[in-house]
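> quick one, fold the following:
(one chain, ligands or ions: 2)
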Amino acid sequence: MHTLTRIAVPHGQGRARGLGAAELGVHGVEMDNLVGLGLPVVPGLTIPVGAGEELANRETAGVAIDLLEKLAVRGIWPAVRTERRPMLMHLRCSAAVPVSALPPAISVIGLSPRNVDALVDVIGRDRDIYDSWAETLRFIAENALGVDADDLDDVVDDHSDSRARVPALLDLIVDATGVAFPADPAEQLGLAAKAMLTRWASPRGQRARKALSLPDDLGIALHLRALRLGSWNESGYGSAVSRDLETGRYSPSGVFHLGVRRTDPEPGPGEPLGAMPGGTAILDQIFATLEPHLRGVAQVEFEVRDRQLALLSAGAVEHPGPRAITTLAVDLVNDHAIGRREAVAMLDPDLMQDLLHPQIKLTGGEQLVARGLPASPGAATGEIALSADTALQWAAQGRNVILVASETSPADVPALLAATAVLTSNGGLASHAAVVARGAGRPAVCGATDLRIDRAAGTVTNGDLTLTEGEVVSLNGRTGHVYRGAVTIRPAEPSAELDRLLGWADDIRRLGVRANADNAEDAATAFRLGAEGIGLCRTEHQFLGDQLPLVQRLVLAESDAEELDAIAALTAAQQADFTELLRVVGDRPITVRLLDAPLHEFLPADGDYRDEAQARRAADAHESNPMLGLRGVRFAMVQKRLYPAQAEALFRAWVTVHADGSTPQLEVMIPLVSLPGELSRAIAQVHEAAAAVTADTGVMVPYKVGSMVETPRAALLAGSLAEDADFLSFGTNDLTQLTYGFSRDDVEKSMLTHYLEHGLLSDSPFAVLDPDGVGALVSRAVLLARSTKPDIKLGVCGEHGGDPSSIDFLNSVGLHYVSCSPRRVPVARLAAARAVLTAD
Ligand code: PEP
Ligand code: MG
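Ligands and ions are numbered 1, 2, ... in the order given. Below is the predicted model of the structure:
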């Protein structure tokens, strides 16, 4: 008796005794919780990890049974252990962590030839009882009594009817061990515990632990419960889940098996829940308690005896999908079961992305063609087009095309926008194709390095597999997988519930959320998705496609007159684009970044030069490292007419839009600054343009001027930059490139996968901000800038502005806003709110 409190812990008493999963196993804790919630639970107790062997002592096992009997009587069951209704028991186990390869449950302990007939009478059907009995005998004989497994299999095979199998097994046990299988429940319990522990310790159990990377000495707790038997057609067992996992609507569903037998595999398909003796109202009550507690879609296993339901287990459905979680979270708030902050905390922003983009629904028969980087989320099906021209032509005919290329350049943008998706064999997450596709909301897979693209032959090859241009493929921009042929694609599923949840997130977050948008259409998308302004308008993107020659003319101008002409054309084109964009922006803020064009992206392709002289100028302009060359503000220092012209176009556009009644809050931004002198001179150019516009129009255009911080030197000199700048915006794409010295266009194909596979990096630093290096520069720059100008506005406009874990970091360093691709805006809103919740 003295060992009782140590070896047997009734469900519901573990926590009070200071015991957790390490002692009680996950199931013991789960049952504790259910009792704590006041839910009907099958009476039972846990033999903690390490105590199971003690049940081999008959007296100890007897004490545990006596305790269980008291619990059963006190619990939901009426008195048990009458002559006709002996108490039968069920034993299962669990470890401190969820394990899928545990020994099976032992379904009935306490049966003997002496009591079986009376039980069959109560139940009204002998099959239920004999099936369970045979299984129990088979398991204990092999694992606790050392009976040969082949001999046991022979008996099972020779006796398909369990009523004959049970006596045959009992005979085999006597033959093999020289002793009859005990009728005494306490002895049976000792053997059952031994069988379970032996199985867990066996080579088979060791292999399972190894496969799951679990410690070999991981122990198991044993869970013993009372089985009260009622008439078979008033009893049964089943499982149910609270919600429709597709929509998240409350709609309990499940199966119910009439009868007493409870074994694996389940016999037959079962019956609908409605067939449950006693009705399903109790399930509604259980789910109403469980869902707020679990903050998840609830699933339960239960049994019904004589029309009374009791839980065998309960937990949250794993990975129910973002739509179900969203609906559940909003329902729980509506029911006053949880608060809005708790609801916002329920939805993982990474997961939420799936609601905003079409999704591939795999059926299992798909043929994988290639695997690349998940460069832009969403899914699409289309015909392979191997050139921009073909893509444009086919798209114009209304065909769905997937542009497949080794990489893309600004000249390919119209084709990229016409295509339903893009697939590249080179380039990483910050490559041209990836950035443009994300901005335009096209799914993209980049850096599928196994693909060989032969444009001349019109083929795409991966090993033995060759696809020809025009063949249909499907890609998943979330996983980087490309499949042959058309697959089922589920459309994006934004819902009213998601809008509500995001509205609550807006009330919580501290960070502003803006979007990177270069044209009116993208800006409109961003505002529809909740962006508060534009944090980055890359003006070089306004010169992609048809407008490319405008920049080419400037770069390749051979005389002052040609240069002035080029500037005039560029100004006019920009003014029109800005006007259209500012109309959509309305009264919101917009950060317009003056040209930052790596020259190689803008020079004509070889052979496309007007004449020898122009080809020579292009050759002169050629750079070995264009990303480190005459880019950003450096070009404006050399070509002094460019920034004033751009600024003038912007200010004139503002005057036009303002006259029509809106007041965009202009912020002019200077890119790739390293020297405070570069910034001050560029700012002087902008002021010059503003003065010229005022002189011409009589309107004083309000604007702020700021700098990007995207070189390590700029971060280290942020205090000096802040003297001239009204705001600073971290360009974490270039800052990552320059801090690591990783080429943003190359490393993902050349080494990143290797680094990730070998644990040198845990994420691509172009996708998830590196808090230790790049992040340290950002933190330091924030401190330096604020020490010069405490109220200076600080934001981020690199791709990290839309990544949840980066947002968490950026929130912690106290930035004012993040800016990201339009379609990532909802993700950023939610992530910014969650950053506040986790920081609190
Ligand atoms: C950056 O470098 O983070 C940035 C926003 O600029 P871009 O990607 O245009 O170089
Ligand atoms: Mg940059």
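> how far away is residue 599 from ligand 1?
Computed with C-beta to the nearest ligand atom, to the nearest Å, the distance linking residue 599 and ligand 1 is 14 Å. The C-beta positions use only the backbone N, C-alpha and C, and glycine is treated the same way.
> mind checking which helix or strand the closest residue in space to residue 609 that isn't next to it in sequence is in?
On the basis of C-beta to C-beta, 6 or more residues apart in numbering, the spatially nearest residue to residue 609 that is not a chain neighbour turns out to be residue 615, at 4.0 Å. Residue 615 is located in helix 612-621, with elements delineated by DSSP states H and E.
> what comes into contact with that helix?
With C-beta atoms under 8 Å, 6 or more residues apart in numbering as the contact definition, helix 612-621 has outside contacts at 555, 556, 558, 599, 603, 604, 609, 630.
> next secondary structure after that helix?
Using DSSP H and E, the helix or strand that follows helix 612-621 towards the C-terminus is helix 632-638.
> ok, residues contacting that following helix?
Taking C-beta under 8 Å, 6+ apart as the criterion, the residues outside helix 632-638 that touch it are 594-597, 599, 630, 642-643, 670-673, 678-679, 681-682, 685, 708.
> residue 101 touches residue 214, doesn't it?
No - applying C-beta atoms under 8 Å, one finds residue 101 not in contact with residue 214, separated by 9.2 Å.
> those two: who's more crowded?
For residue 101 against residue 214, the residue with the higher neighbour count under other C-beta atoms under 10 Å is residue 214, and the figures read 16 against 13.
> what about residue 124, neighbour count?
15.
> wait, residue 349 touches residue 830, no?
Yes - under the criterion of C-beta under 8 Å, residue 349 lies in contact with residue 830, with a separation of 4.4 Å.
> which neighbours do those two have in common?
Counting by C-beta under 8 Å, 6+ apart, the shared contacts of residue 349 and residue 830 are residue 804.
> neighbour count for these two, which is higher?
residue 830 (31 against 26).
> then the more buried one would be within a helix, right?
Yes - membership of residue 830 in a helix is supported by DSSP: H, G, I helix; E, B strand; the rest coil.
> burial of the closest residue to ligand 2 within the stretch 501-650 of the chain, as a residue count?
Closest residue of the stretch 501-650 of the chain to ligand 2, C-beta to the ion: residue 596 (6.1 Å). Other residues near residue 596 come to 23 when the count uses other C-beta under 10 Å.
> hmm, it is touching residue 538, no?
Yes - proximity of residue 596 to residue 538 meets the contact threshold set by C-beta under 8 Å, at 7.0 Å.
> picking up where we left off before, buried subset of the contacts of helix 612-621, written for PyMOL?
In PyMOL, a selection of the buried entries from those looks like this (16 or more other C-beta atoms under 10 Å):
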select buried, resi 555+556+599+603+604+609+630
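> redo the contacts of helix 612-621 as a markdown table? Include pLDDT and distance to residue 834.
Compiled in a markdown table, these are given as follows (pLDDT from 0 to 100; distance: C-beta to C-beta, whole Å):
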| residue | pLDDT | distance to residue 834 |
| --- | --- | --- |
| 555 | 83 | 45 |
| 556 | 84 | 49 |
| 558 | 84 | 56 |
| 599 | 79 | 41 |
| 603 | 78 | 44 |
| 604 | 74 | 47 |
| 609 | 77 | 53 |
| 630 | 90 | 41 |
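> any stretches of the protein with poor pLDDT?
1-5, 74-85, 228-230, 260-268, 606-607 (pLDDT under 70).
> longest helix anywhere in it?
The single longest helix within the chain, with elements called by DSSP state H, is helix 560-585.
> may I see the buried residues of it?
Of the residues in helix 560-585, those with enough neighbours to count as buried (16+ other C-beta under 10 Å) are 563, 566-567, 569-571, 573-575, 577-579, 581-585.
> and the stretch 1-150 of the chain, which of its residues are near ligand 2?
Within the stretch 1-150 of the chain, no position is near ligand 2 by C-beta under 5 Å from the ion.
> residue with max distance from the center of the protein?
Of all residues in the chain, the one whose C-alpha sits farthest from the chain's mean C-alpha position, using C-alpha atoms, centre = their mean, is residue 178 at 58.4 Å.
> next, give phi and psi for that residue.
Per-residue torsions, residue 178: phi 80, psi 0 (degrees, to the nearest 10).
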